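J.: Predicted model and sequence follow; I will ask about them next.
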Amino acid sequence: MPLHKNYMEQMKSNVADLKNAGKGAAGSITAALFLNEFVKDGIEWAHLDIAGPVWNAKKEEATGFGVSTLVEWILQAHDGQSK
């Protein structure tokens, strides 16, 4: 996820240090920028923007999108092996 600092302007707030909402496009970028504000330097992290495909509105149920990929990545990172 690119962290384009020019989007930080959208997250200024009159009542808080920072707001977790941008204006219009680039919602995933502003979400990543928001999270980045709370990660210590030198810590590797990722923002997985799965909010859109995670819900099936027609069936009114969660899709589970991305869960198996995330679990597999965690397992590999934990012991270097896959199932």
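T.: Perfect, thanks for sending it. Numbers count the residues shown, from 1 in each chain.
J.: and the residue nearest in space to the middle of the chain, what is it in contact with?
T.: In the chain, the C-alpha closest to the average C-alpha coordinate belongs to residue 47, at a distance of 3.1 Å (Cα atoms, centre = their mean). Contacts here follow Cβ atoms under 8 Å, 6 or more residues apart in numbering; on that basis residue 47 touches 1, 28, 31, 32, 35. C-beta coordinates here come from the backbone N, C-alpha and C atoms, glycine included.
J.: swap in residue 55?
T.: Each residue near residue 55 by Cβ under 8 Å, 6+ apart is listed here: 61, 62, 63.
J.: repeat that for 7 Å
T.: With Cβ atoms under 7 Å, 6 or more residues apart in numbering as the criterion, the residues that contact residue 55 are 62, 63.
J.: is it in a bridge, and if so with what?
T.: Each beta-bridge partner of residue 55 is listed here, defined by DSSP bridges: residue 62.
J.: pLDDT below threshold where in this protein?
T.: 1, 22, 24, 80-83 (pLDDT under 70).
J.: now the helices for it?
T.: Secondary structure of the chain (DSSP state H): helices located at 27-36, 67-79.
J.: The residue nearest to the centre of the chain and residue 10: what is the separation?
T.: In this structure, residue 47 and residue 10 are 16 Å apart, going by Cβ to Cβ, to the nearest Å.
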